[in-house]
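1. pasting a predicted model and its sequence here:
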Amino acid sequence: MDLKQYQDVWVFIDCFQGHPKDVGYELLGQGRLLAEALKQKCCAVIIGENVDEAIKGATEYGADIIYVVRGEEYANYSADAYGHAFLELCEKYHPNTILIGATANGRDLGSKLAIRLKTGLTADCTALSVEEDTGNVVWERPAFGGNLYARILCSETRPQMGTVRPGAFKKPQKCQNKLSVMIREDIRTKQEDILTKVIDFIKAKDESGIKLEEAEYIVAGGRGLKGAENFTMLKELADLLGGSVGASRAAVDAGWIPQSKQVGQTGKTVTPKVYIACGISGAVQHLAGMTESDTIIAINKDASAPIFEVADYGIVGDVFEMVPAMIKEMRIAKNLEQ
Amino acid sequence: MNIVVCVKQVPDTTEIKIDPIKNTLIRQGVPSIMNPFDKNALEEAIQLKEQYSGSVTVISMGPEQAKATLREALSMGADKAYLVTDRAFGGSDTYATSYILSKVIEKLGPFDVILGGKQAIDGDTGQTAPSIAEHLGIARLTHIRSMKIDGNKCVVEREIEEGIEIVEAKLPILCTATKETNKPRYATIKGKIDSLKADIENITLADLPNMDITKIGLKGSPTRVKSTFIPERKSSCEMLESVNPRETAKVLFGKLAEAKIL
Ligand SMILES: Cc1cc2nc3c(=O)[nH]c(=O)nc-3n(C[C@H](O)[C@H](O)[C@H](O)COP(=O)(O)OP(=O)(O)OC[C@H]3O[C@@H](n4cnc5c(N)ncnc54)[C@H](O)[C@@H]3O)c2cc1C
Ligand SMILES: Nc1ncnc2c1ncn2[C@@H]1O[C@H](COP(=O)(O)O)[C@@H](O)[C@H]1O
């Protein structure tokens, strides 16, 4: 395989019903950094029925080239249709690197492409860089529940591929007046080649307020909260901060708060300005989702809780005293009470 | 209905500790368990068998000690178990592992349904199972909530970030189970005793004559681990007194304001 034939960093813009997910834009930021290190272009790949919003977004977030495949067979994700379109693009343009968000569909698509292109795929990466002398991407990812991190290379085959955790990176700055080259490819997938068909969809219950992934302030609760009713005080504090409530898996498993609020390895990765962990011990699986927050504040009764190892400010104390006190002080500061 | 379930033996990652001096993983004494999501996959297989009759085969690739996990699967209600093991398979990444498992499934099959876990808790890639489907050239649906079979068709509820998709597909199909798919049953005492006597066959490279050996083991793996490291923890936590909670809250907000965080 002549590796030099393979050029450019491709980012898959994962959309749902025509709406791009943030992870695609987060990856355009990373794709740009890799492309600069490789002296190549950063490109977006958009597959769908309604593609306008994604095209606009990919332009704003700085894609040099935007490859677009449109058709009604791409209205819903299917491994067969999306895989077919993506593979045709790869065959024609030979990308060097492919970045895909580690969403349910992204991981599925990634595995299809890697097997068919006979190349390596590194899952669920949290950091990316380029080895200067070889031009290999160094894919960094947690393993063993976040206890260990590995750096992985795919040095003999191209494209080199990875899926990347949503939320692991922030979205880049939007570009002003970016001129992206648009390449529309007329690739159609026959109905009989699509083996799975979406026949219905049940939308997850709408979450009120700010989405966890987008919140700049997160107040998260764990088993130390002792019950569902006590999450109301976290919500009050979060509202005062203009943020959102998160949780550990223990709190989710206890049924105190929905799974969509779970932070960690099997939940969401978040990078807010401030993360306040209340009654959370700091198991590695939880840390895997929040250590990149700018400032971490931990409140825990147990001075030896591992959460203090990653915190910037620690309070050894009772959440049932500390959180109401913080609410009170916030309200006073905001002139909501005296 | 012939069903095969891919199960992996994994270290219980909640029990892994870090050696604070050598800064390495302490794996000694860490119990090996059946990958939790694979238990959901197996439970789903057993339920399908109970509903539509048929048989459940479990396969696991790993060292001899992975037979303990296969015995656990038998004790829960699987009919037949095979250990896929050979020195030539060592060092396989997800590409090579899924290729080997697909060859084993071809040999033991045909199967109507192939089940695996959403991801393994040690590697956490979630790639192996859909890759098996790709090698076999069959349909796959990852992260399922439930599965109903109707003749040669199935209807599956699939979890995605936005909600639940109802998806229809023809058999054969590969699906991956999540924690929400079901609640795995416990083994019965009789099941446990029977599983100890059960005969678990090994499948080695010699049993898989049409395998392309350039695609297996370390040599057949396109990805390679360059290095590993234990994540650094900043140990610069500033501890605040909490004798008087309101005083502490004031001090905290003061510090945050000073650092221009709030
Ligand atoms: C495969 C796998 C994946 C996982 N994924 C995740 C994940 O994504 N996210 C996640 O969070 N976990 C995950 N876990 C679970 C994780 O290992 C821990 O079990 C979990 O994070 C513990 O939650 P916790 O800190 O709330 O509970 P605990 O560990 O029980 O900690 C509760 C803490 O509250 C403190 N406390 C109690 N009362 C008070 C009080 N009144 N005031 C102040 N402090 C108090 C205690 O001192 C203790 O430190 C996963 C586990 C596995 C095996
Ligand atoms: N060595 C193995 N033996 C059997 N099944 C496996 C093996 N590795 C992975 N699997 C299956 O693939 C799923 C996903 O694993 P992974 O891609 O490693 O996260 C697991 O839940 C298993 O069902």
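-> Received the coordinates, thanks. Ligands and ions are numbered 1, 2, ... in the order given.

2. where do the strands sit along the stretch 101-250 of chain A?
-> Taking DSSP state E, counting those that start in this stretch to define them, one finds strands in the stretch 101-250 of chain A at A:121-125, A:127-130, A:137-143, A:148-153, A:160-164, A:181-184, A:196-203, A:217-221, A:244-247.

3. can you tell me the strand partners of the fifth one and which way each runs?
-> Listed by DSSP bridges, the sheet partners of strand A:160-164 and their directions read strand A:97-101 (parallel), strand A:121-125 (parallel).

4. for chain B, which residue gets nearest to ligand 1?
-> residue B:121 (4.1 Å; Cβ to the nearest ligand atom). Just so you know, the C-beta spots here come from the backbone N, C-alpha and C atoms, and that holds for glycine as well.

5. which ones are touching that residue?
-> By Cβ atoms under 8 Å, 6 or more residues apart in numbering or on different chains, the contact set of residue B:121 is A:145, B:10, B:13, B:35, B:36, B:37.

6. leaving out chain neighbours, which residue sits closest to residue 250?
-> The chain I'm using is chain A. What sits nearest to residue A:250 in space, not counting adjacent residues and going by Cβ to Cβ, 6 or more residues apart in numbering or on different chains, is residue A:223, at 4.0 Å.

7. wait, I meant chain B there
-> With sequence-adjacent residues excluded and distances taken as Cβ to Cβ, 6+ apart, residue B:250 is closest to residue A:329, at 5.6 Å.

8. surely that neighbour meets residue B:251?
-> No - counting by Cβ atoms under 8 Å, residue A:329 does not reach residue B:251; the two are 9.8 Å apart.

9. the longest strand in chain B is where?
-> Counting by DSSP state E, the longest strand found in chain B is strand B:139-150.

10. ok, that strand near ligand 2 or not?
-> No - Strand B:139-150 does not reach ligand 2 (Cβ under 6 Å from any ligand atom); its nearest approach is 9.6 Å.

11. for chain B, what lies in contact range of ligand 2?
-> Contact residues, chain B versus ligand 2 (Cβ under 6 Å from any ligand atom): B:6-8, B:35, B:37-38, B:41, B:60-62, B:94, B:97, B:101, B:116-117, B:119-120, B:123-129.

12. now, these that are in strands?
-> Reading strands off these with DSSP E, I get B:6, B:60, B:61, B:116, B:117.

13. pLDDT averaged over stretch A:64-75 - what is it?
-> Over the span of stretch A:64-75, the pLDDT mean works out to 98.

14. list the buried residues of that stretch.
-> Neighbour counts over stretch A:64-75 (16 or more other Cβ atoms under 10 Å in any protein chain shown) mark A:64, A:65, A:66, A:67, A:68, A:69, A:70, A:71, A:73, A:74 as buried.

15. pipe those residues into a markdown table and attach secondary structure and distance to residue A:22 per row.
-> As requested, the buried residues of stretch A:64-75 are exported to a markdown table (DSSP: H, G, I helix; E, B strand; the rest coil; distance: Cβ to Cβ, whole Å):
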| residue | secondary structure | distance to residue A:22 |
| --- | --- | --- |
| A:64 | coil | 20 |
| A:65 | strand | 21 |
| A:66 | strand | 18 |
| A:67 | strand | 20 |
| A:68 | strand | 20 |
| A:69 | strand | 21 |
| A:70 | strand | 22 |
| A:71 | coil | 25 |
| A:73 | helix | 25 |
| A:74 | helix | 20 |
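
16. could you list which of these also contact chain B?
-> Among these, none lies close to chain B by the criterion of Cβ under 8 Å from any Cβ of the partner chain.

17. right, is stretch A:292-305 up against chain B?
-> Yes - contact between stretch A:292-305 and chain B, assessed by Cβ under 8 Å from any Cβ, occurs at A:294, A:295, A:297, A:298.

18. show me the contacts for the closest residue to the first one other than its chain neighbours.
-> In space, and not counting its chain neighbours, residue A:294 is closest to residue A:273: 4.9 Å by Cβ to Cβ, 6+ apart. For residue A:273, the set of contacting residues under the criterion of Cβ under 8 Å, 6+ apart consists of A:216, A:217, A:293, A:294, A:295, B:261.

19. quick one: the helices in chain A?
-> For chain A, the helices defined by DSSP state H cover A:22-38, A:52-60, A:79-93, A:104-116, A:231-241, A:249-253, A:284-287, A:319-333.

20. of all these, which one is nearest ligand 2?
-> For the helices of chain A, the distance to ligand 2 is smallest for helix A:104-116, at 8.4 Å, taking Cβ to the nearest ligand atom.

21. do any residues in that closest one lie close to chain B?
-> Yes - counting by Cβ under 8 Å from any Cβ, chain B is contacted by helix A:104-116 at A:104, A:105, A:107, A:108, A:110, A:111, A:112, A:114, A:115, A:116.

22. which residues touch residue 228?
-> Here I'm looking at chain A. Listed by Cβ under 8 Å, 6+ apart, the contact set of residue A:228 reads A:254, A:255, A:256, A:257.

23. switch to chain B, please.
-> Residue B:228 makes contact with A:143, A:148, A:149, A:150, A:151, according to Cβ under 8 Å, 6+ apart.

24. tally of neighbours for the third one?
-> Meaning residue A:149. By the criterion of other Cβ atoms under 10 Å in any protein chain shown, residue A:149 has 19 neighbours.

25. find the nearest non-adjacent residue to whatever residue of chain A ends up closest to ligand 2, please.
-> As assessed by Cβ to the nearest ligand atom, ligand 2 sits closest to residue A:123 within chain A, at 7.1 Å. The spatially closest residue to residue A:123, leaving aside those adjacent along the chain, is residue B:125, at 3.6 Å (Cβ to Cβ, 6+ apart).

26. show me where the stretch 151-300 of chain A dips below the pLDDT cut-off.
-> Applying pLDDT under 70 to the stretch 151-300 of chain A flags the ranges A:206-208.

27. for it, what lies in contact range of chain B?
-> By Cβ under 8 Å from any Cβ, the residues of the stretch 151-300 of chain A that approach chain B are A:151-157, A:195-204, A:241, A:265, A:273-274, A:283-285, A:287, A:291, A:294-295, A:297-298.
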